[in-house]
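1. predicted model, plus sequence, below.
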Number of protein chains: 2
Amino acid sequence: MAAYIAAMDTVDKKITALLAEDARRSLADIGEAVGLSPSAVNERIRRLNASGAIKRFTVDADHAALGLGVTAFVLVGLDYDAGEEAFKAFAAAHPSVAECHHVTGGWSYLLKVRLADLGGVERFLGELKAQHFLARSETMIALSTAVERCFTPAEV
Amino acid sequence: MAAYIAAMDTVDKKITALLAEDARRSLADIGEAVGLSPSAVNERIRRLNASGAIKRFTVDADHAALGLGVTAFVLVGLDYDAGEEAFKAFAAAHPSVAECHHVTGGWSYLLKVRLADLGGVERFLGELKAQHFLARSETMIALSTAVERCFTPAEV
DNA sequence: AGTGAAATTACATTTGT
DNA sequence: ACAAATGTAATTTCACT
């Protein structure tokens, strides 16, 4: 499922880190930082984009301002009768699901969801139950978030 | 700590969603989608940016290509002698920490970390132990990730 | 706040090494 | 694969509504 994407060299990692910090930086600025001409930087970004190493250009939004004030994590003990693929398809299609990881340990999946309020969390769990995905589950509400970065820098 | 950011109106949410999908869209394209002129869209984006509703323009990178092949979640039972603020500062300063949430339930914090390999995970846990942050902990390794979105759309 | 036009800047392409 | 130069398209600013 996950495509194998060629590992980046040091310059690519630097460019990616600079773009992660501020994707509106000009090619000239980036070029100066990594010691390349703007057109060379442009070509590298084009390739990083085409290969999938850079998935997309996006914005980091404040979800509270969007009306999604609650972040919750749901540890899922999957009812395998319902079907693992069906569960993954459900998660991928559900707009409230920010993340869905298959994890080691006593639980099958870890979901991260964003909802307007606690009522939304309850309704979301109701959906999971209605589809018989849950053998058991445990929900953790994020009281506050100290760190939330889309991008984690690679060691150089 | 968390600043209160004015809630967005419908047009702002639409613009933000469009930018989250592709931040390189032209102001003309966005304007057409929401029924505004390019300069009006520009002004709204400028305000969203200034208010913090849009935190930053960034790229969604493939962390495996960056050399960070392992994602792990660490449930932390905090040793409160070590200091909660010190722990949060540690998490914020640590490059491998992608997320740090204060959560409800039997655990104090949930960390999401990205590392090169399982050895990196072990070393990271070693750092937490060395600083005496852990009363107890439980680590879940992400075997695979079905969904991972930085942006979750608001209901319209 | 939004519009539309003018000014500015950056991007994308081509060519050459 | 990179650099330089040129054409094109974007953004930004401003006067006005």
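-> Yep, that arrived.
2. name the SS class of residue A:25, please.
-> Under DSSP: H, G, I helix; E, B strand; the rest coil, residue A:25 falls in the coil class.
3. quick check: the gap between it and chain B.
-> 9 Å (Cβ to the nearest Cβ, to the nearest Å). Bear in mind the C-beta positions are built from the backbone N, C-alpha and C, glycine included.
4. so for stretch A:71-86, what gets flagged as buried?
-> Buried residues in stretch A:71-86, counting neighbours by 16 or more other Cβ atoms under 10 Å in any protein chain shown, are found at A:71-76, A:78-79, A:82.
5. domain ranges for chain A?
-> Domain ranges of chain A: A:2-51, A:70-141, per automatic domain parsing.
6. worst average pLDDT in these?
-> In terms of average pLDDT, domain A:2-51 trails the rest of the domains of chain A, at a mean of 92.
7. quick one: secondary structure of residue A:138?
-> Using three-state DSSP, the structure places residue A:138 in strand.
8. who does the residue nearest to it when sequence neighbours are not counted form a beta bridge with?
-> Closest residue in space to residue A:138, ignoring its immediate chain neighbours: residue A:75 at 4.4 Å, by Cβ to Cβ, 6 or more residues apart in numbering or on different chains. Under the criterion DSSP bridges, residue A:75 forms beta bridges with residue A:110, residue A:138.
9. surely residue A:75 is in contact with residue A:113?
-> No - contact criterion Cβ atoms under 8 Å: residue A:75 and residue A:113 do not qualify, at 12.0 Å.
10. the residue positioned nearest the centre of chain A: which element?
-> The centroid of chain A falls nearest to residue A:99 when counting by Cα atoms, centre = their mean (5.9 Å). Under the criterion of DSSP states H and E, residue A:99 resides in strand A:97-103.
11. tabulate the CA atom coordinates of that strand in PDB.
-> Once non-C-alpha atoms are left out, strand A:97-103 reads as follows in PDB (Å, rounded to 0.1, in the frame of the first residue of the first chain):
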ATOM      1  CA  VAL A  97     -10.700  11.200  11.500                       C
ATOM      2  CA  ALA A  98      -7.400  12.900  11.500                       C
ATOM      3  CA  GLU A  99      -5.300   9.800  12.000                       C
ATOM      4  CA  CYS A 100      -5.700   6.100  12.000                       C
ATOM      5  CA  HIS A 101      -2.800   3.900  13.000                       C
ATOM      6  CA  HIS A 102      -2.500   0.100  13.300                       C
ATOM      7  CA  VAL A 103      -0.500  -0.300  16.500                       C
END
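12. doesn't residue A:128 lie inside a strand?
-> No - applying three-state DSSP, one finds residue A:128 to be helix, outside a strand.
13. distance check, it against residue A:112.
-> Counting by Cβ to Cβ, to the nearest Å, the separation of residue A:128 from residue A:112 is 14 Å.
14. those two: who's more crowded?
-> Comparing residue A:128 with residue A:112 by other Cβ atoms under 10 Å in any protein chain shown, the one with more neighbours is residue A:112, at 25 against 22.
15. make JSON lines from the buried residues of stretch A:71-86 and add distance to residue A:119 to it.
-> Converted to JSON lines, the buried residues of stretch A:71-86 look like this (distance: Cβ to Cβ, whole Å):
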{"residue": "A:71", "distance to residue A:119": "15"}
{"residue": "A:72", "distance to residue A:119": "12"}
{"residue": "A:73", "distance to residue A:119": "18"}
{"residue": "A:74", "distance to residue A:119": "15"}
{"residue": "A:75", "distance to residue A:119": "21"}
{"residue": "A:76", "distance to residue A:119": "20"}
{"residue": "A:78", "distance to residue A:119": "25"}
{"residue": "A:79", "distance to residue A:119": "24"}
{"residue": "A:82", "distance to residue A:119": "25"}
